[in-house]
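Asks: Give me a model of this one.
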Amino acid sequence: MLIDKPGLLAVIKVEHLFLPSGRKNQALLEQTDLHKYQEEHKIPDNFCRKNKESNIQMKFSCWPCRIVIESVVALRDHLSGGKHLENAANPVDYSEYFIDTALNGIWKKRKGVKRPLEETRLSKRERTKKNKLARSIPILTQYTEEKYEETETYFENGLRKVRPYHFTFTTHAKGRWVGDKLSDVFAREFRAMEPKEYARCIEAGLVRVNDKASSVDYRVQHNDFISHTVHRHELPVTEQKINIINEDDDWVVVDKPGSIPVHPCGRYRHNSMTFILAKEHGLKTLQPVHRLDRLTSGVLIFSKSAAKARLMEQLITAREVEKEYVCRVVGEFPEEEIVCEEPIEVISCKIGLCVVDPKGKDCKTTFQRLEFKNGISIVKCWPKTGRMHQLRVHLQFLGFPITNDPLYNSDIFGPEKGKGGDLGKSHEQLVQDLIKYHTVENWINSDEYEASEIVSANLDKIEVKSVIKEEASIKIDAEKQKLSDDLETCAPFCDPNCGECKLAYKDPPPESLVMYLHALKYSGDGWAYQTEM
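Replies: Below you'll find the model as predicted:
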């Protein structure tokens, strides 16, 4: 049993709905004391999984902590945590609170009940800092404005580059990690290094648990705070200037170049839009209200406040924002307007892979051909929904993939390259094949080089094997190019314990830094932002 006495937790049953405005909502259907519920029902690990047909989901509500929990694993972790035990020993007057299902089932104070003045004056970020200080968790410089001074940016061979720098990744132990060896967790969950390299980092004290050195045989415990200090080598991006389309008191709209991610992710941090705009334009409080794929260029909207960001997000969710894209695809696209409404499912978050699948989320995209020449079509796209990789997946399904799409224009999807949803293999096998493909072809764990030999010619005539062979030879050549043994001459940018510091990688070809997909225009009631074609 999860708990042995009543009055602490409840099982709540909610229904996920869409309001006429398009906004998401949740309706609270039932609420039962967990102690009583578990006497009559079994609670499996997938208890909180949403039923896609009925849109019904079961959750847990913790009264002492006034939070809603959405998985059995998370509930077990919560019950063993010190915060819950402390709150359970010092209960509050629950009549002052209620569960607001319209806001993802969070607990809120009833109207007329004001928070202490100290809390109302603190922002969410400030409250987080206060809580960390109370728990003696150090606030790393990477979470302050000092992060912009971590390293230097320089330009070389048409690329924006970043000097290597030390960075500390931090996380709290996830439920699925508890009881596993620390070395096994790193080998299983992360792909940036080889397992033996993670083991070396643990033994060297670069991986710490609760701010203390650990060992490869350490078993992860609930609420462990794990940190890993690395010598970070960011990948280069285009040096193309970021053109600001519009800036006022509330919004900043830019023309995003291809190859630059919107925000820090993977092997990008200072080479991201948010960091570049902060460091070079003084715009340090921007919040992206939508995202574009890293290789996609075009209109990108930022807000200067969280309130305005939520406003634009609501408009996009309600489908009151019209989006226009233009792309270059393989083959002769039909002249008439084409509407694709195939549902899309994310089958791997680890590598970011989507396919058309009946179990996926509803999608709708309208396409219209603008021009056809030499086996290539220029197509305008109007996505009505905003699913991950929606345009790229729908174009692949229709049999007209983007000419230099490094992912969805690949023979790994089968002879037809995914046309009509024909993959020729299971989703699991597809993911495994792509992971192997990325590992062999991308010798620095990125997708920069996937299109390096493809985009300059007829992609549909080049076999993936030949590309892998070419990229593997690049890897061998790169490994032979050693930097100076005297790393002190390169200080402070080199780390003698860093394997990447001992290699000199070739720059990615310029054509691999762009995909022929461009966000041309975003518009709404009384406003419109557009770039050049």
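Asks: C-alpha only now, for contacts and for neighbours.
Replies: OK.
Asks: Doesn't Phe372 lie inside a strand?
Replies: Yes: checked against DSSP: H, G, I helix; E, B strand; the rest coil, Phe372 lies within a strand.
Asks: That one against Pro334, yeah?
Replies: No: applying C-alpha atoms under 8 Å as the test, Phe372 and Pro334 come out as separate, 9.6 Å apart.
Asks: Could you check which of those two is surrounded by more residues?
Replies: Phe372 (18 against 13; other C-alpha atoms under 10 Å).
Asks: Contact partners for the more buried one?
Replies: Phe372 makes contact with 332-333, 378, according to C-alpha atoms under 8 Å, 6 or more residues apart in numbering.
Asks: export these to CSV and tack on distance to Val321 and neighbour count?
Replies: Formatted as CSV, those follow (distance: C-alpha to C-alpha, whole Å; neighbours: other C-alpha atoms under 10 Å):
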residue, distance to Val321, neighbour count
Glu332, 30, 17
Phe333, 26, 24
Ile378, 23, 20
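Asks: Cys363 and Met388 touch, don't they?
Replies: No: Cys363 sits out of contact with Met388 when judged by C-alpha under 8 Å, with a separation of 10.2 Å.
Asks: Quick one: the helices in the stretch 51-200 of the chain, in order.
Replies: Assigned by DSSP state H, counting those that start in this stretch, the stretch 51-200 of the chain shows helices spanning 72-79, 82-89, 117-121, 124-134, 182-189, 195-203.
Asks: Now do the first one against helix 82-89, angle only.
Replies: Going back to what we said before, that points to helix 72-79. Using axes from the mean of the first three to the mean of the last three C-alpha atoms, to 10 degrees, the direction of helix 72-79 lies 70 degrees away from that of helix 82-89.
Asks: Let's see helix 72-79 as CSV, backbone CA atoms only.
Replies: This file holds the C-alpha atoms of helix 72-79, laid out as CSV (Å, rounded to 0.1, in the frame of the first residue of the first chain):
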residue,chain,number,x,y,z
VAL,A,72,3.0,6.6,-9.2
VAL,A,73,6.8,6.7,-9.3
ALA,A,74,6.7,10.4,-8.5
LEU,A,75,4.2,9.8,-5.7
ARG,A,76,6.6,7.3,-4.0
ASP,A,77,9.5,9.7,-4.3
HIS,A,78,7.3,12.5,-2.8
LEU,A,79,6.1,10.4,0.1
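Asks: Can you give me the distance of the spatially closest residue to Pro261 that is not a sequence neighbour to Phe397?
Replies: Among residues not flanking Pro261 along the chain, Arg294 sits closest, at 4.3 Å (C-alpha to C-alpha, 6 or more residues apart in numbering). Between Arg294 and Phe397 the distance is 21 Å, computed by C-alpha to C-alpha, to the nearest Å.
Asks: before we move on, what about Ile351?
Replies: As for Ile351, its distance to Phe397 is 20 Å (criterion: C-alpha to C-alpha).
Asks: More neighbours: which of the two?
Replies: Counting neighbours by other C-alpha under 10 Å for Ile351 and for Phe397 shows that Phe397 has the greater number, 22 against 11.
Asks: Assumed the more buried one was part of a helix.
Replies: Yes: remark: Phe397 belongs to a helix, assigned using three-state DSSP.
Asks: Need the pLDDT of it.
Replies: Confidence at Phe397, expressed as pLDDT, is 97.
Asks: Spit out the contact partners of it.
Replies: Phe397 is in contact with 356, 418-421, counting by C-alpha under 8 Å, 6+ apart.
Asks: gap between it and Val431?
Replies: 17 Å.
Asks: what does Ile276 give?
Replies: From Ile276 to Val431 the distance is 33 Å (C-alpha to C-alpha).
Asks: repeat for Thr366
Replies: Look at Thr366 and Val431: by C-alpha to C-alpha, they are 28 Å apart.
Asks: so where's the stretch 351-500 of the chain uncertain?
Replies: Applying pLDDT under 70 to the stretch 351-500 of the chain flags the ranges 438-492.
Asks: which residue ranges form the helices in it?
Replies: With helices called from DSSP H, counting those that start in this stretch, the stretch 351-500 of the chain shows them at 390-398, 427-441, 464-480.
Asks: Next, the angle helix 390-398 makes with the helix or strand following the last one.
Replies: Right, the one you point to is helix 464-480. Counting by DSSP states H and E, the next helix or strand C-terminal to helix 464-480 is strand 517-524. Strand 517-524 and helix 390-398 are oriented at 120 degrees to each other (the same axes, to 10 degrees).
Asks: Alpha carbons of strand 517-524, in CSV - could you do that?
Replies: Provided in CSV are the C-alpha atoms of strand 517-524 (Å, rounded to 0.1, in the frame of the first residue of the first chain):
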residue,chain,number,x,y,z
LEU,A,517,12.4,25.5,-44.6
HIS,A,518,11.7,29.1,-43.8
ALA,A,519,9.1,30.7,-41.5
LEU,A,520,7.9,33.5,-43.8
LYS,A,521,5.1,35.2,-41.8
TYR,A,522,3.3,35.1,-38.5
SER,A,523,0.1,37.2,-38.2
GLY,A,524,-2.9,37.7,-36.0
